[in-house]
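Q: Could you work out the structure for the sequence below:
(chains A and B)
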There are 2 protein chains.
Amino acid sequence: MQIGIFDSGVGGLIVARAIHKLMPEYDYVYLGDTKRVPYGNHSAKVVYEFTRQGVEYLFNKEHCGIVVVACNTASALALRKLQKNLKNRKILGVLIPAAEEAAKFRRVGVLGTIGTVASGVFPAEIKKLDKRVQVFQNPAPVLVPLAEAGERARAMPFIKEYLEPLLKQKINALVLGCTHYPIFKREIKKIAGKKVKIISQDEIVPKKLKNYLARHPEITKKLSKNRKVKILVTDLTKTTDELTKKWFGGNTKPQLINLKY
Amino acid sequence: MQIGIFDSGVGGLIVARAIHKLMPEYDYVYLGDTKRVPYGNHSAKVVYEFTRQGVEYLFNKEHCGIVVVACNTASALALRKLQKNLKNRKILGVLIPAAEEAAKFRRVGVLGTIGTVASGVFPAEIKKLDKRVQVFQNPAPVLVPLAEAGERARAMPFIKEYLEPLLKQKINALVLGCTHYPIFKREIKKIAGKKVKIISQDEIVPKKLKNYLARHPEITKKLSKNRKVKILVTDLTKTTDELTKKWFGGNTKPQLINLKY
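A: Below you'll find the predicted structure:
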């Protein structure tokens, strides 16, 4: 059985690459719903519907033993319902691992898409772990398209604007609440300064997954170890090809699949 | 019968508003496929499939007498096939009207989404009208998200970068090949200078449609004139609501519909 990684598009490849780097021995299948990306501005109902289709595909057609939903919007708006509705399926998100890390701090900032921020899931999950933590959020609507267009230098004024209200709150940790944002980690660190701990899912999720697998031998023993990687997408364009190369690296070419809906 | 206007999202409202302003006497139904917006980075096959569903909905469920596809990506990648496959249906695009205007010039620049530019439809259509016209294209991938985020001032460096190679070619006209770009008309004019004629679909399409209706009384006589406007969307969020107000104005609230697919 493979480890499945689902994302709305190719942004999750940044986390997928980090997981693969930490545990290259397993077989991976990544599914990016590039036909319907981005999920960030959609309603909870639509995000659930899209996510369910992708995750079910990974379990039913690709026979995954475990699936990581590597999309914050999907983790925020669909994961809990999905875990409830797909019993006996192991589904992990990227949000709880980041929330667990954030709960170690007192004043936490969160950058996310409009959908993720509006859902209020980050503050809720962090406060569940420690209600004393103060959480401040700000949506960063254009960072995803800027990341995909490779616009790092020109992203600076936007990052500054998005961070300003959070920095004014004297946060001591900042959650990068979208899989695309690690692309701008250097720029964000520069603006946030050394006193703010950057919580980036490409650093946290691989460790949490490794830890989870170590604690669940009933899953781990079923996972195959052929060092194979498969990347599936629901729409294949030049951009998809280029970003896969840039963000995942190696020679794995994305393959087109059809999600029935 | 109503006049239908189809777009991948809410960007087409800019053209819809201009059409409505010129001919307020008719009844309009606008359909924005906000559930699957943006179309710009999708393959031709997917854009055709999405567009067909939206346009068929307008004819079959909303009983439109004529439909304007107010999305350049859809006009570029789907319109011809759609006109062929839905015989006896009157479907107009936004691309040909702009191409007709552009063909009056000698050196023409085109700004568009990745999908529109890659399709090569603008140069092809302009050259069909006058093969002596030289056409230069440049994709402007982040202008749509910047427009939707209301980021006009900060869009300037991007607009500069996108225009530079076109201006170097000494163009004397520039086609704004995406329904969102009129938002930046002032910024674009400032950078392009007075010598470059800006061809903007919100100015051209309404006139062409009026002209078309005048020449086709068999359609026009079936159109109802109750001054009603209906705005339908496939996903309804706060952003959809806000952009509808901003770009169409008035009190028409978008209503959620389900496109069966």
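
Q: and residue A:138, bridged to which residues?
A: Beta-bridge partners of residue A:138, counted by DSSP bridges, are residue A:111.

Q: would you list every one of the helices in the stretch 151-261 of chain A?
A: With DSSP state H, counting those that start in this stretch as the criterion, the stretch 151-261 of chain A has helices at A:156-168, A:185-192, A:201-215, A:217-220, A:238-247.

Q: Would you format those helices as TSV with mean neighbour count, distance to chain B and mean pLDDT included?
A: Bear in mind the C-beta positions are built from the backbone N, C-alpha and C, glycine included. Shown next, in TSV, are the helices of the stretch 151-261 of chain A (neighbours: other Cβ atoms under 10 Å in any protein chain shown; distance: least, Cβ to the nearest Cβ, whole Å; pLDDT from 0 to 100):
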stretch	mean neighbour count	distance to chain B	mean pLDDT
helix A:156-168	16	6	96
helix A:185-192	16	15	96
helix A:201-215	18	22	97
helix A:217-220	12	34	96
helix A:238-247	18	5	93
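
Q: Any residues of chain A in contact with chain B? List them.
A: Residues of chain A that fall close to chain B, judged by Cβ under 8 Å from any Cβ of the partner chain: A:34-36, A:41-43, A:46, A:114-115, A:118, A:141-142, A:144-146, A:148-149, A:151, A:154, A:157-158, A:235-239, A:261.

Q: Show me the shaky parts of chain A.
A: Within chain A, the stretches with pLDDT under 70 are A:261.

Q: Please name the spatially closest residue to the residue in it positioned nearest to chain B (chain neighbours excluded).
A: Of all residues in chain A, residue A:145 sits closest to chain B, at 4.1 Å by Cβ to the nearest Cβ. In space, and not counting its chain neighbours, residue A:145 is closest to residue B:145: 4.1 Å by Cβ to Cβ, 6 or more residues apart in numbering or on different chains.

Q: Surely residue A:148 and residue A:180 touch.
A: Yes. Assessed by Cβ atoms under 8 Å, residue A:148 is found in contact with residue A:180 at 7.3 Å.

Q: which ones are touching the residue nearest to residue A:145?
A: Residue B:145 is in contact with A:141, A:142, A:144, A:145, counting by Cβ atoms under 8 Å, 6 or more residues apart in numbering or on different chains.

Q: about what we covered before: dump the helices of the stretch 151-261 of chain A to a markdown table, plus distance to residue B:80.
A: Converted to a markdown table, those look like this (distance: least, Cβ to Cβ, whole Å):
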| stretch | distance to residue B:80 |
| --- | --- |
| helix A:156-168 | 38 |
| helix A:185-192 | 43 |
| helix A:201-215 | 43 |
| helix A:217-220 | 51 |
| helix A:238-247 | 22 |
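
Q: doesn't residue A:227 make contact with residue A:24?
A: Yes. Using Cβ under 8 Å, residue A:24 is in contact with residue A:227, at 5.9 Å.

Q: So for the two, which residues contact both of them?
A: Counting by Cβ under 8 Å, 6+ apart, residue A:24 and residue A:227 have no common neighbour.

Q: Contacts only, for the residue lying closest to residue A:123 once chain neighbours are set aside.
A: Closest residue in space to residue A:123, ignoring its immediate chain neighbours: residue A:135 at 4.0 Å, by Cβ to Cβ, 6+ apart. Residue A:135 sits next to A:102, A:108, A:109, A:110, A:122, A:123, A:126, A:127 when contact means Cβ under 8 Å, 6+ apart.

Q: mind putting those in a markdown table, secondary structure and neighbour count included?
A: As requested, the contacts of residue A:135 are exported to a markdown table (DSSP: H, G, I helix; E, B strand; the rest coil; neighbours: other Cβ atoms under 10 Å in any protein chain shown):
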| residue | secondary structure | neighbour count |
| --- | --- | --- |
| A:102 | helix | 26 |
| A:108 | strand | 30 |
| A:109 | strand | 31 |
| A:110 | strand | 30 |
| A:122 | helix | 26 |
| A:123 | helix | 19 |
| A:126 | helix | 27 |
| A:127 | helix | 16 |
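
Q: from the residues you listed, which is closest to residue A:176?
A: Proximity to residue A:176 was ranked across the contacts of residue A:135 by Cβ to Cβ; first place goes to residue A:110, at 8.7 Å.

Q: so what's the closest one up against?
A: Residues counted as contacts of residue A:110 (Cβ under 8 Å, 6+ apart) are A:102, A:117, A:122, A:123, A:135, A:136, A:137, A:138, A:166, A:174, A:175, A:177.

Q: Residue A:50 and residue A:57, how far apart?
A: Here residue A:50 is placed at a distance of 11 Å from residue A:57 (Cβ to Cβ, to the nearest Å).

Q: Among these two, which residue is more densely surrounded?
A: Neighbours per residue, other Cβ atoms under 10 Å in any protein chain shown: of residue A:50 and residue A:57, the larger number sits with residue A:50, 28 against 23.

Q: these two touch, right, that one and residue A:32?
A: No. Applying Cβ under 8 Å as the test, residue A:50 and residue A:32 come out as separate, 11.7 Å apart.

Q: Give me the common contacts of those two.
A: Common neighbours of residue A:50 and residue A:32 (Cβ under 8 Å, 6+ apart) are residue A:8.

Q: about what we covered before: now for the contacts of residue A:135, which pair is the farthest apart?
A: Using Cβ to Cβ, the contacts of residue A:135 span at most 14.5 Å, a distance reached by A:109 and A:127.

Q: so how far is the first residue of stretch A:35-49 from its last?
A: For stretch A:35-49, the first-to-last residue distance is 14 Å (Cα to Cα, to the nearest Å).

Q: Give me the distance between that stretch and the centre of its chain.
A: Chain-centre distance of stretch A:35-49: 14 Å, with Cα atoms, centre = their mean, to the nearest Å.

Q: just stretch A:79-90 next, same as before
A: Here the centre of stretch A:79-90 is set off from its chain's centre by 18 Å, with Cα atoms, centre = their mean.

Q: so what does the lengthiest helix in chain A touch, helix or strand wise?
A: In chain A, assigned by DSSP state H, the helix with the most residues is helix A:44-60. If you count contacts as 3 or more Cβ pairs under 8 Å, 6 or more residues apart in numbering or on different chains; DSSP states H and E, helix A:44-60 packs onto strand A:2-7, strand A:28-32, strand A:64-69, helix A:72-77, helix A:79-85.

Q: possible to save these as JSON lines with mean neighbour count?
A: As requested, the helices and strands packed on helix A:44-60 are arranged in JSON lines below (neighbours: other Cβ atoms under 10 Å in any protein chain shown):
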{"stretch": "strand A:2-7", "mean neighbour count": "27"}
{"stretch": "strand A:28-32", "mean neighbour count": "26"}
{"stretch": "strand A:64-69", "mean neighbour count": "26"}
{"stretch": "helix A:72-77", "mean neighbour count": "31"}
{"stretch": "helix A:79-85", "mean neighbour count": "15"}
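
Q: got any residues that touch both of residue A:148 and residue A:180?
A: Common neighbours of residue A:148 and residue A:180, using Cβ under 8 Å, 6+ apart, are residue A:11.

Q: Okay, domains of chain A per the record?
A: Following automatic domain parsing, one gets these domains for chain A: A:2-93+A:203-256, A:96-201.

Q: ends of the shortest one, how far apart?
A: The reference is to domain A:96-201. Criterion Cα to Cα; first-to-last residue distance in domain A:96-201 is 10 Å.

Q: roughly how far is that domain from the heart of the chain?
A: 13 Å.

Q: for stretch A:48-61, same thing?
A: Stretch A:48-61 has its C-alpha centroid displaced from the chain centroid by 16 Å (Cα atoms, centre = their mean).

Q: buried sites along it?
A: Neighbour counts over stretch A:48-61 (16 or more other Cβ atoms under 10 Å in any protein chain shown) mark A:48, A:50, A:51, A:52, A:53, A:54, A:55, A:56, A:57, A:58, A:59 as buried.

Q: Do I have it right that residue A:86 meets residue A:55?
A: Yes. Counting by Cβ under 8 Å, residue A:55 is a contact partner of residue A:86 at 7.0 Å.

Q: Next up, phi/psi of residue A:131, please.
A: Dihedral pair for residue A:131: phi -70, psi -10, per degrees, to the nearest 10.

Q: neighbours around it, how many?
A: Residue A:131 is flanked by 8 other residues according to other Cβ under 10 Å.
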